[in-house]
Structure formats: structure tokens, C-alpha cells
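# could you work out the structure for the sequence below:
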Amino acid sequence: MCLAVVAGCGDAIHDPRAAPAGPLGPPPLANPLRSGESGKPAAPTNAANGANAPKPESNGAAQPPIAERAPIAERPPGAEKPKPKFDPIAVNGQYFVGWQKPKLAIVVTGHQDGYIEPCGCSGLENQKGGLSRRYSLLRELSERGWPLAKVDVGSMVRRFGKQAELQFSACAEAMRQMQYAAVGFGASDLRLSSGEVAAAVAGDQPDRTIFVSANVDLFGLAPKFRLVEAGGLKLGITSVLGDEYRRQVNNAELQIAPAAEGLKSVVGELAGADVKILLANATLAETRELARQFPQFDIVVSGGGAEEPPAEAGRVEGSKALLIELGHKAMFAVVLGLYDDPQQPVRYQRVALDSRFPDSPEMKALMTNYQSQLQALGWDGLGLRPSPHPTSRRDNPLAGKFVGGQSCKECHEAAWDVYINSPHARATQTLVDLKPARHFDPECVSCHVTGWNPQEYFPYVSGYLGLDRTPELAGQSCENCHGPGAAHIDAERGSDKTLQAEWRKAMHQDKANADESCRVCHDLDNSINFDFKTYWPQIEH
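Here you go, the predicted structure:
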């Protein structure tokens, strides 16, 4: 099947409240794909990238209900006025404009990289991605009556350890609930404990696993390819782990063949398929080479490439295949609509999983179970061991020891007043108040308490251990920026002026360096709109 791709234009699909429930569950309260009143044509846009999406009217005209229901964006501490309501359609554009019901819609995802849900620290409405929003997209498409086939290139996690294993298991279960046709492996997935990965891959029905790989042998659990019927078409799907990524896996329990060698053994098995799909968890360069080497494939998906999918599908010179790049952190999905139209057999749409897509109860339940597992295991069960702070010293047992911000109040009253009235003081409580609560999740706790490494997600010796054991270390307090204070306080209580000067200097934080300190938590993943010049006046002390 030779596929030519175009981006659609015309009418957006209509309101799901008039549609029956689909196989993925009951309809949402609002149509996340709608851009206007039900039954009315949507304004034209560049459907591939939404760059020309209409902006909010300035003449008082009513805006789309989904925009009106979008939550208020984050505001800096102490700001007098809330920001205007965030409009995801104005920012990211309309989707599926001009698309009639396709013969089949292929939904392509991948590179979750551990970002199973947006953290929300800078406002959920400002962030993209997450399994819950993905589920809502799939449910919406299903309720439109579109036949669907879902494939994922893999790379569900990015770290090691027990928490990453729980994430992988949660992702595998989510894929099963979302009825994926095929899922590949990434190097990060295969660096986890083989037993835990195998259990997640097998699930309750090992003979019906959705995982597939032409070159990764995981105890024989994952078939080399899958033949799937959808929309009256037979899809032949396989995946490979690219050679560059393959070399990153050092696991004697796994057998991983070179990518080309694995594909040679399966391409003949796909001969009868109407559409042949290769999920290549590989660099973009290697993906292109595999597409040229195996021209049988109609669609080739790369796990490499840019940070977000391009506006249009690519082509590989010397191959008939469409080249699909996914970006990272699964912030986008790519949807291909197949049509019986010789002029436009395929339409392409990248979809930012933004706040127009509501949370799904199904994924909310899965995330609640995941957080409950973290709570049950605790720091010890997750393999987290407190490490000495970099400022620790053998000649001073108090160096590198945390005491809590309350201990700073006696001498630094003005600074304390600023801190205690800032969101930093309530940082831990925000995790407690979430539903489900996140204060047992190391990836959240590390930037919401005192005495943790914010990027590596482990506690320092004498750092926060829990609200019941170390309540004085709750909140994002003084010592996270100025350093552990035990030695400084001890020096101030003594009479050694030299020692006092030494520790005062050690605790001093230059404003010139404060921006860098802030960004260890206010990074692009968690606080995408952070601007030091804007926020510093709110906590200046």
C-alpha cells in the first residue's frame, strides 16, 4: 500500500454529548476536539500544526465552551490578578479539521520517558502529555465511530530502580486498557529488572501480550510481529530496538540481535498485510537506513528525532514509507487517517495532549493505585538510601546536616516572614492535597520538601523522611537554597568569630547565582513559564 499524506482542512468533528458511548467508556462532559458550537463549522486552520488557529475574539463574541472551562494559569506568589484563562485551542490549534470518518485511524505514540502525567507545578493547563489525556483522546475518536489501531514505539521509563519498574508496569496496564495493537521496547525499559519487565509484559494473559519485537527476546514472551485486523484492513506490525540504543542495554538475561538481522526474519511474514508498520526505537539516522533497507514498510515510526513531532509526516529517500517522528515525553500523539481516495489516501495530524482533554476516571484509578504502591513500599522499599550532603565534612559532624527553616527564624525574622507567607512554605501540603496525594512519590517530594536532591530524587542524610518523622523539614525552606544549617547555627551560638564568619560565608547565597539554584526545581519539565526576574520580587529577602 503506497501512502501519500496531506493535512486536512474544513469542518471539525462534532459534540460527543450527542453520540453513544464507545468501547473505551462513557462520553466526557465536553468534547475535547471541538472548537465551536455543536453542529457549526469550525474556523479553518492549518490542521498539521495549528499555527493559524483563530485567536479569541476582541469584539465580545462568545468563545468555545472548552476554552471557557480551561483552568486559570499559574500566577507568581503574591500576584494581585490571575492570568487570563488558558485557551489550549488558541495556543495549539484545532485538530482533525476537515476530516471525514476515515477507513482507519492509526494513533501513534511513544517515548513516555517516565512522564506518565504532567506534574502540575506550573499549572496543568500549561503542560502537555500524560496517560489520562491520551485515554481521553482515544475515547473521543472512538466515540466518533472511527475505527482505531494504536501503536507505541516504547521507552516508557527513563530511570532505574523500583519506582521505574512500577511506572513501567502502570504504563503496560494503561496500554492494555487503551487496547493498543502493538508496543515496542526502548533501551530504558530493558535496563530494568528483567523479571519485573517480563511480568508487566505478560500481564494476566501472556499469550495475548501487546508487546512485540523483531530483535529482543524477552524469555519468549513478546512475539516478533503482530497481524491485526482493523477498519477492514490487515496491519502487519513489528518493532526493533536500534543498534545504538541496543548497546546501552547490559543485561545478560536478554538476547538482543542487530536490528537489521531481526527484521530480515519477519518481513516475509508480513507479506499479506495491507499496511506494514515498523516501530523503530532507534536514532533518526538509523530509522531512515532501516526504511531504505526494508522498503516493504508503508509506515516507519522513529523513536529518535526532534523534541516534538514535525508539522507534517516525512519521507525517506529511497523508500515509499511515511516517516513519523514522535518527540519526547509523550506530549504529543500522531494520528494517521487512511482513506479510499487515490489523491489523498492518508491524512496526518499531530495532537498536543493539552488541557482540552479532560482527565479520564480509568487512568485516574490507575494513577491512584500507582501512588498507593509507592506509599506501601516507602523510601526503603523503593531502594532510597540517604546520602551525605556535598557540604559534609569529616572534621565537623554538623556540616551537611539539616535542621529545618524554623531554626532560622530567631535571627532572620524578616526573611522568615517572606518565606512563611510564600507558596514555598506550603510546598509539601500541595502534594498532600492532590488527589491522589503525591507526598509518597520521590519524583514529587524531591522539590517539595527540605533536604532532598531535586534532580536525582533521593534524600540527604538528616533530610526529610516524612510528615510523621520530620515535620520540621516539610516545605521548600531556607536550607535548600542556602545549604544545611546545623554547623552555622552551632557557630552562632558559640563565641568563635572566625568560625562564625566562615559559616556565614558558606551559607550566603548570591543573587547572581540564585537563578541557577531556583532552576534545579523550576526546570522546563515542571515550571515551563519560570522567569527569575518575574518571580524573585515575590520572595525577595
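# helices of the stretch 151-300 of the chain, residue ranges please.
162-177, 187-190, 194-202, 243-246, 259-264, 284-293 (DSSP state H, counting those that start in this stretch).
# packing partners for the last one?
The contact analysis (3 or more CB pairs under 8 Å, 6 or more residues apart in numbering; DSSP states H and E) places helix 284-293 against helix 259-264, strand 275-281, strand 299-302, strand 322-325. C-beta coordinates here come from the backbone N, C-alpha and C atoms, glycine included.
# could you list every residue that touches the most centrally placed residue in the chain?
By CA atoms, centre = their mean, the mean C-alpha position of the chain lies nearest to Tyr115, the distance being 2.8 Å. By CB atoms under 8 Å, 6 or more residues apart in numbering, the residues touching Tyr115 are Gly129, Gly130, Lys329, Ala330, Met331, Asp525.
# kindly reformat those residues as a markdown table containing secondary structure and pLDDT.
Listed next are these as a markdown table, based on DSSP: H, G, I helix; E, B strand; the rest coil; pLDDT from 0 to 100:
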| residue | secondary structure | pLDDT |
| --- | --- | --- |
| Gly129 | coil | 92 |
| Gly130 | coil | 93 |
| Lys329 | coil | 91 |
| Ala330 | coil | 92 |
| Met331 | coil | 92 |
| Asp525 | coil | 69 |
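# what subset of the residues you listed is buried?
Among the contacts of Tyr115, those scoring as buried are Gly129, Gly130, Lys329, Ala330, Met331 (criterion: 16 or more other CB atoms under 10 Å).
# out of the residues you listed, the closest to Ala501 would be?
Lys329 (46.1 Å; CB to CB).
# pretty sure the closest one contacts Gly129?
Yes. At 5.6 Å, Lys329 counts as touching Gly129 under the criterion of CB atoms under 8 Å.
# quick one, helices of the stretch 401-541 of the chain?
Secondary structure of the stretch 401-541 of the chain (DSSP H, counting those that start in this stretch): helices located at 413-420, 427-433, 442-445, 478-482, 486-493, 497-507, 511-518, 532-539.
# so the last one versus helix 413-420, what angle?
The one in question is helix 532-539. If you take axes from the mean of the first three to the mean of the last three CA atoms, to 10 degrees, helix 532-539 sits at 110 degrees to helix 413-420.
# one more: the longest one?
Using the same axes, to 10 degrees, the interaxial angle of helix 497-507 with respect to helix 413-420 works out to 30 degrees.
# how far off centre is helix 497-507?
Put simply, helix 497-507 sits 43 Å off its chain's centre (CA atoms, centre = their mean, to the nearest Å).
# got the CA positions of it in PDB?
Provided in PDB are the C-alpha atoms of helix 497-507 (Å, rounded to 0.1, in the frame of the first residue of the first chain):
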ATOM      1  CA  LYS A 497      34.300  34.800  65.500                       C
ATOM      2  CA  THR A 498      36.400  33.200  62.800                       C
ATOM      3  CA  LEU A 499      34.200  30.100  62.700                       C
ATOM      4  CA  GLN A 500      31.100  32.300  62.600                       C
ATOM      5  CA  ALA A 501      32.500  34.300  59.600                       C
ATOM      6  CA  GLU A 502      33.400  31.000  57.900                       C
ATOM      7  CA  TRP A 503      29.800  29.600  58.200                       C
ATOM      8  CA  ARG A 504      28.100  32.900  57.400                       C
ATOM      9  CA  LYS A 505      30.100  33.000  54.100                       C
ATOM     10  CA  ALA A 506      29.200  29.300  53.400                       C
ATOM     11  CA  MET A 507      25.500  30.000  53.900                       C
END
